[in-house]
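1. show me how the following folds:
(2 chains, ligands or ions: 2)
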Amino acid sequence: MVIETHDLTKLYGEKVGCEKICLSVGEGQIFGFLGPNGAGKSTFVKMLVGLIKPTSGTAKLLGAPLGDVAARRRLGFLPENFRYQDWLSGRELLYYHAALAFIPRHERESRIDEVLRMVKLSAAADGKIKTYSKGMQQRVGIAAALISDPDLLFLDEPTSALDPIGRLEVREIITSLRDRGKAVFLNSHLLSELEMICDSVAIIKGGRVVEEGTLTELLKGRVEVEVTASQLNGSIERVIDGLGRVLANNGSYLLVELDSEDMIPTLATRIIEAGGKLYNLSRKKRTLEELFLGAVKGGEA
Amino acid sequence: MLIIARLTFKEALRKKILVAAIILSVLFLTVYGVGLHYATNTIEQQTAQGVGRGMDNGSIAGADIMVESSKKLLILLGLYFSSSIVSLLAILSSVGVVSSEIENGIIHAMMAKPIRRRDIILGKFGGYAAMLSVYSALLFLSVLLLNYFIAGAALGNVPLLIALFIIQPLVFLAVTLAGSTAFSTLANGIAAFTLYIASAVGGMLEQIGAMLSNDMLVNTGIVTSLLMPADAIYRMIASLVTNVPGGSINAMFFGPFGAMSAPSTAMVVYAIFYLVGFVGLASSMFSRKDIG
Ligand SMILES: Nc1ncnc2c1ncn2[C@@H]1O[C@H](COP(=O)(O)OP(=O)(O)OP(=O)(O)O)[C@@H](O)[C@H]1O
Ligand SMILES: [Mg+2]
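-> Ligands and ions are numbered 1, 2, ... in the order given. Below is the predicted model of the structure:
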């Protein structure tokens, strides 16, 4: 495990930042951390990278306890409100980050060129950061986080300022890291993005984890099937009886929720038995958005 | 730590306040040089007239002392105001050294790097200390050179004097650095500036107290020197400048710029402990601080 937390809690006075968070993230995993604004995502990441101290609980990063300076050599971090020494050029900034990450002198130049290429900033590298657009600043921030080729990368909303191409490029960077066995911890609101790349996610609300697991597991969830059938004799209710319930009914199109997976073939048989012509029966996958809304709604925190 | 110092040094060099300090210093040195020129002329004319009028030996010796004292006073004036300039530069340039970086978020990405917080503080201190030391040494030497070439006055023991002179801004730097780990930039600025004023006024009161033999005033000065030893360091310099061995200058002559009530060497040791103590305090407060 590259991240293991146990009851990690941060209180800001009376206010809960996050509470009793137990998570583990393995090597080569992309872990998505999501939740509404103010849920405690950034608080959690800030505790792990050492900006703030937990009120209670313990955590291990890359096998070392929190605050271990040596372990940070293998860590990358893009803060949520990224701001850099904007009087430096992108290249100079990366030089300092490389030096602070103890990258040997003779490797710095080539490493800097490499990360600049990764974030597509080579052309602007010698311009001052203050002349960069917001998205370019975020790119240079990502480059700074990548400079030490970290085994564990924390990205707090890494694509908030990026254009669609930039987002795609960041997704590609992230997946290529995973392919090389690195772990990425991703805070984001962009559910469709997370859905595309994450292996596991946790949903946090009001400082507590309310849902957690691998994406495939979580999205399985309820069994919803779309049915297109005509000439169903009798009422649909009779067909469905004992299997689940009808969520939508537009004549020949039905959306049905079944009590279990095993009932999908049963449903098909019943439709046929009732004399129906079955044109389509497909299992509807839950989207991450539905999962998120389901987990987060229901009484505002 | 060295890399932070380098980054901080670079940052310190591009502060607007440094440009302001340079302009102020050039202006000051110009006015000072001109003043020095006319003052020297006047002193020399008067001496020449005195000798011409046929003074007796005793009066000539008295006039020599007068000339000597006046030249020393001119040096002290230069050093006093130079001290003020470097002290204020120390305060104003480093007032937000930690707080403003937390406020604007620049420090966030830095905190995840494999460096100890203590090293961040030491690096920041080092960066500013380097800038202030170079600046102070240059300003000090400028004042001495002006005196040498215009007034023909030279000082002995220059390295020691420079070292003492540099301690002044460093003491302010240490306090301001500690303050910026605890307070907002604005609050820290106000606090540090108040400390500066207290130290300057306290130092003057102590000299006036010594002249009037008023213990109350002297004690006030001693208390402010304990709170902020920079002024005591200046008095140390003043006493080294004015108390030439075998000299017979009356310290009273230099008024609030002199060292009638001269600090002991213990004060220098205290100042160094004070400096180290505040850097240590800054480091320990910063290590415990939640950032963001
Ligand atoms: N420095 C602080 N002092 C007091 N409360 C804070 C502080 N930082 C965060 N909080 C509180 O902690 C909670 C979690 O904040 P956090 O920044 O972790 O949210 P988040 O999930 O990252 O939200 P967002 O999606 O808006 O980035 C919020 O209620 C916030 O008000
Ligand atoms: Mg956040």
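
2. drop to CA atoms for contacts and neighbour counts, all remaining ones
-> OK.

3. and B:Ser284, how many neighbours does it have?
-> For B:Ser284, the neighbour count with other Cα atoms under 10 Å in any protein chain shown is 16.

4. my guess is it contacts B:Asp119. True?
-> No - with contact defined as Cα atoms under 8 Å, B:Ser284 and B:Asp119 do not form a contacting pair (11.0 Å).

5. how many neighbours does the nearest residue to B:Thr242 once chain neighbours are set aside have?
-> Nearest non-adjacent residue to B:Thr242, counting by Cα to Cα, 6 or more residues apart in numbering or on different chains: B:Lys72, 6.4 Å away. By the criterion of other Cα under 10 Å, B:Lys72 has 24 neighbours.

6. looks to me like B:Lys72 is in a helix.
-> Yes - counting by DSSP: H, G, I helix; E, B strand; the rest coil, B:Lys72 is found in a helix.

7. that one contacts B:Val241, doesn't it?
-> Yes - if you go by Cα under 8 Å, B:Lys72 and B:Val241 touch, sitting 7.2 Å apart.

8. and the helices in the chain?
-> No chain in the question, so chain A it is. With DSSP state H as the criterion, chain A has helices at A:41-49, A:90-100, A:105-118, A:134-146, A:164-179, A:191-197, A:215-220, A:236-240, A:263-273, A:288-296.

9. wait, chain B
-> Using DSSP H, the helices of chain B run over residues B:2-13, B:16-52, B:57-94, B:99-104, B:106-111, B:117-146, B:158-182, B:185-212, B:215-227, B:230-242, B:265-288.

10. got the contact list for residue 170?
-> I went with chain A, as the question did not name one. A:119, A:158-159 (Cα atoms under 8 Å, 6 or more residues apart in numbering or on different chains).

11. that answer is for a different chain, and I need it for chain B
-> Taking Cα under 8 Å, 6+ apart, we find B:Leu170 in contact with B:90, B:129, B:132-133, B:275.

12. that one and chain A, how far apart?
-> Between B:Leu170 and chain A the computed distance is 25 Å (Cα to the nearest Cα, to the nearest Å).

13. how many neighbours does the nearest residue to A:Leu78 once chain neighbours are set aside have?
-> Ranked by Cα to Cα, 6+ apart and with sequence neighbours excluded, the top spatial neighbour of A:Leu78 is A:Leu155, at 4.9 Å. Neighbour count for A:Leu155, taken as other Cα under 10 Å: 24.

14. and chain B, which of its residues are near ligand 1?
-> Applying Cα under 6 Å from any ligand atom, we find that chain B lies next to ligand 1 at B:Gly292.

15. for chain B, which spans come out with low pLDDT?
-> Counting by pLDDT under 70, chain B shows low-confidence ranges at B:50-63, B:244-251, B:261.

16. tell me the centre residue of it?
-> Closest residue to the average C-alpha location of chain B: B:Ser83 at 3.2 Å, with Cα atoms, centre = their mean.

17. so how far is B:Ser25 from that one?
-> Here B:Ser83 is placed at a distance of 11 Å from B:Ser25 (Cα to Cα, to the nearest Å).

18. and what of B:Ser70?
-> For B:Ser70, the distance to B:Ser25 equals 23 Å [Cα to Cα].

19. quick one, what contacts the residue in the stretch 151-292 of chain B positioned nearest to chain A?
-> Of all residues in the stretch 151-292 of chain B, the one sitting closest to chain A is B:Asp290 (4.3 Å; Cα to the nearest Cα). Contact analysis of B:Asp290 by Cα under 8 Å, 6+ apart lists A:51-53.

20. how about a cut-off of 10 Å?
-> A:46-47, A:50-54, B:102 (Cα atoms under 10 Å, 6 or more residues apart in numbering or on different chains).

21. and the furthest pair within these?
-> Distances among those were taken as Cα to Cα; the most separated pair is A:Pro54 and B:Ile102, at 18.5 Å.

22. more crowded one of these two?
-> A:Pro54 (24 against 18).

23. tell me the pLDDT at the residue lying closest to that one once chain neighbours are set aside?
-> Distance criterion Cα to Cα, 6+ apart; nearest residue to A:Pro54, sequence neighbours excluded, is A:Lys10 at 5.0 Å. If you check A:Lys10, the pLDDT there is 92.

24. what distance do you get for A:Lys10 to chain B?
-> 11 Å.

25. low pLDDT regions in the stretch 201-301 of chain A?
-> The stretch 201-301 of chain A contains residues with pLDDT under 70 at A:221, A:233-234, A:298-301.

26. which single residue in it comes nearest to ligand 1?
-> Closest residue of the stretch 201-301 of chain A to ligand 1, Cα to the nearest ligand atom: A:Gly207 (6.8 Å).

27. who's in contact with that residue?
-> A:Gly207 touches A:9-11, A:15-21, A:35, A:38-41, A:43-44, A:301, counting by Cα under 10 Å, 6+ apart.

28. kindly provide the distance from it to chain B.
-> Distance, A:Gly207 to chain B, using Cα to the nearest Cα: 17 Å.

29. how near is the nearest residue to that residue once chain neighbours are set aside to A:Lys46?
-> What sits nearest to A:Gly207 in space, not counting adjacent residues and going by Cα to Cα, 6+ apart, is A:Cys18, at 3.7 Å. Applying Cα to Cα, the value for A:Cys18 to A:Lys46 is 11 Å.
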